[in-house]
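K.L.:
A structural model of the following input is requested.
(one chain, ligands or ions: 1)
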Amino acid sequence: MPQSLSGKKILLGISGGIAAYKCADLTRRLIERGAQVQVVMTPAAKEFITPLTMQAVSGRPVSDSLLDPAAEASMGHIELAKWADLILLAPATSDLIARLRAGMGNDLLTTLILASNAPIAVAPAMNQQMYANVATQENISALTQRGMMIWGPAAGQQACGDVGYGRMLEPMELVAHCEAFFGPKPLQNIKLAITAGPTREAIDPVRYISNHSSGKMGFAIAEAAANMGADVTLISGPVALATPANVTRIDVESAEQMYKAAMEHAVINDIFISCAAVADYRPSQIADQKIKKTDDSDQMQIVMVKNPDIVASVAALKDKRPFTVGFAAETQDVKKYALGKLAKKNLDMICANDVSVEGLGFNSNDNALHLYWKNGEQALGTACKQHLAKQLLDIVVKQYQQYSK
Ligand code: PMT
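P.N.:
Alright, predicted model coming up:
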């Protein structure tokens with residue numbers, strides 16, 4: 001097992017959600033990679049997994065009480081706060097997130113967070129409606145603005161039967177985040193711009209044409225790039241994702257807006273990655289009023305015009321052209337079409353994904369990429385988008401070094 005987390009001191013703060021049962025596995029995976037894990041549990045967390053289990057897997061007594069003289073006499077809350085290289089809150093319930101935002105210190109976990117300078121990663125886990133609630137969203141965005149990293153959540157089937165965003169990331173996805181966080185910073189002093197998500201092409205004031213891009217792939221790359229030390233600008237279409245820590249985000253809706261933002265930023269960045277699923281066409285006219293259904297015809301026609309090709313325009317820059325990476329979302333003849341786009345759009349690299357495979361590509365947590373560049377290629381197997389983002393950037397770094405020589 002690679003000791004990617006060798007000697008790293010991770011304080012794992014567990015709050016009271018059903019995903020707490022995954023913390024035993026998470027702890028084992030972190031320790032396997034060389035980390036030391038100190039578990040701190042809220043009172044509610046102990047209803048979902050016992051301190052004895054967490055002590056057994058972490059090899060350390062669990063801290064769970066602020067007002068315990070014996071515990072304070074050994075590693076008290078101030079020592080715990082100073083000990084950690086990283087505080088990982090997983091699962092972080094809506095209640096814990098709200099208490100963090102308010103700056104409360106009404107249990108051991110929140111108190112030591114107030115007393116700590118360590119970087120904090122929050123892995124939200126809750127019912128999808130609670131996650132979508134405006135209060136939770138405001139709390140998460142306040143934590144992001146304070147520099148906390150938000151890892152997840154994922155979407156899917158929930159313990160309560162609901163389906164949507166709110167699942168804690170799987171243990172291996174959290175491990176990948178930790179590895180990226182502690183990993184080398186080969187993108188230090190590099191400025192990287194990335195587009196992500198779909199575009200929306202308005203038909204009238206209430207309707208638009210769009211696609212199934214969730215933004216997850218692009219956001220994962222933005223986050224990984226920031227973890228690798230890059231100064232990241234993320235130009236995002238409309239998505240329901242929190243902005244990764246240390247990333248500057250520009251929100252756009254249409255392809256034309258994305259084009260404008262991308263062209264402004266391409267010339268001041270070293271690397272440009274075009275992960276957005278940009279609509280190739282838009283309605284030639286946007287109706288001023290909502291288009292009414294008519295009784296005299298069963299058909300309606302919308303005349304479409306071509307949108308600007310953003311990544312091709314960036315790659316065509318004569319001056320201040322960044323190292324330019326595109327994606328190719330294909331459902332057939334993936335290699336042929338990807339190589340065609342690499343050449344036609346004059347890209348430095350293209351990341352091909354077969355979006356016809358169930359569970360991969362659009363709006364999924366996993367993907368499989370095949371990278372092509374002028375004199376090389378590399379297949380990255382099926383993995384979570386966070387893991388792929390890191391692998392992809394490792395290759396981008398090498399190719400960029402050749403390019404900028
Ligand atoms: O967002 P997710 O749900 O995580 O899904 C990820 C993804 C499947 C969207 C992503 O992995 C992906 O493949 N993104 C590119 C989607 C796409 O539009 O592919 P394309 O083959 O149609 O376009 C080729 C390239 O040209 C892409 O880099 C695209 O960003 C770019 N393009 C396309 C049209 C246009 N008008 N301007 C562009 O810049």
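K.L.:
measure residue 399 to residue 322 for me?
P.N.:
Separation of residue 399 from residue 322 (C-beta to C-beta, to the nearest Å): 12 Å. For the C-beta atoms, the positions are set from N, CA and C on the backbone; glycine is no exception.
K.L.:
among those two, which residue is more densely surrounded?
P.N.:
Shown here are residue 399 and residue 322; by other C-beta atoms under 10 Å, residue 322 has more neighbours (24 against 19).
K.L.:
distance of residue 22 from residue 174?
P.N.:
Relative to residue 174, and taking C-beta to C-beta, residue 22 is found at 9 Å.
K.L.:
give the residues shared as contacts by the two.
P.N.:
Contact criterion C-beta atoms under 8 Å, 6 or more residues apart in numbering; residues bridging residue 22 and residue 174 by contacting each: residue 168.
K.L.:
in stretch 111-130, what's buried?
P.N.:
111-113, 115-116, 118, 120-128, 130 (16 or more other C-beta atoms under 10 Å).
K.L.:
go on, stretch 314-325?
P.N.:
Across stretch 314-325, burial judged by 16+ other C-beta under 10 Å covers 314-315, 321-325.
K.L.:
how about the helices in the protein?
P.N.:
All helices of the chain, identified by DSSP state H, fall at 23-32, 51-58, 69-73, 77-83, 94-102, 108-114, 128-132, 134-145, 171-182, 216-227, 255-266, 310-315, 334-344, 385-403.
K.L.:
okay if I get the ones you listed as a markdown table plus distance to the ligand and mean pLDDT?
P.N.:
Below are the helices of the chain laid out as a markdown table (distance: least, C-beta to the nearest ligand atom, whole Å; pLDDT from 0 to 100):
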| stretch | distance to the ligand | mean pLDDT |
| --- | --- | --- |
| helix 23-32 | 24 | 98 |
| helix 51-58 | 32 | 98 |
| helix 69-73 | 44 | 68 |
| helix 77-83 | 36 | 88 |
| helix 94-102 | 24 | 98 |
| helix 108-114 | 31 | 95 |
| helix 128-132 | 17 | 94 |
| helix 134-145 | 19 | 92 |
| helix 171-182 | 14 | 91 |
| helix 216-227 | 3 | 94 |
| helix 255-266 | 5 | 98 |
| helix 310-315 | 3 | 98 |
| helix 334-344 | 5 | 97 |
| helix 385-403 | 6 | 93 |
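K.L.:
which of the ones you listed sits closest to residue 202?
P.N.:
Ranking the helices of the chain by proximity to residue 202 (C-beta to C-beta) places helix 255-266 first, at 10.5 Å.
K.L.:
residues making contact with that closest one?
P.N.:
193, 195, 199, 201, 233, 235, 237, 250, 252, 272, 274, 276, 278-279, 282, 307-308, 310, 313-314, 317, 320-322.
K.L.:
check which residues of that helix are buried.
P.N.:
Result for helix 255-266 [16+ other C-beta under 10 Å]: buried residues 255-259, 261-262, 265-266.
K.L.:
CA atoms only for that helix, dumped as PDB, please.
P.N.:
Extracted in PDB, the C-alpha atoms of helix 255-266 (Å, rounded to 0.1, in the frame of the first residue of the first chain):
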ATOM      1  CA  ALA A 255     -22.700  29.500 -24.200                       C
ATOM      2  CA  GLU A 256     -22.300  33.200 -25.300                       C
ATOM      3  CA  GLN A 257     -21.800  34.200 -21.700                       C
ATOM      4  CA  MET A 258     -19.300  31.400 -21.100                       C
ATOM      5  CA  TYR A 259     -17.500  32.300 -24.300                       C
ATOM      6  CA  LYS A 260     -17.100  35.900 -23.100                       C
ATOM      7  CA  ALA A 261     -15.800  34.900 -19.600                       C
ATOM      8  CA  ALA A 262     -13.500  32.200 -21.100                       C
ATOM      9  CA  MET A 263     -11.900  34.600 -23.600                       C
ATOM     10  CA  GLU A 264     -11.300  37.200 -20.900                       C
ATOM     11  CA  HIS A 265      -9.600  34.600 -18.700                       C
ATOM     12  CA  ALA A 266      -7.800  32.500 -21.200                       C
END
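K.L.:
good, wrapping up.
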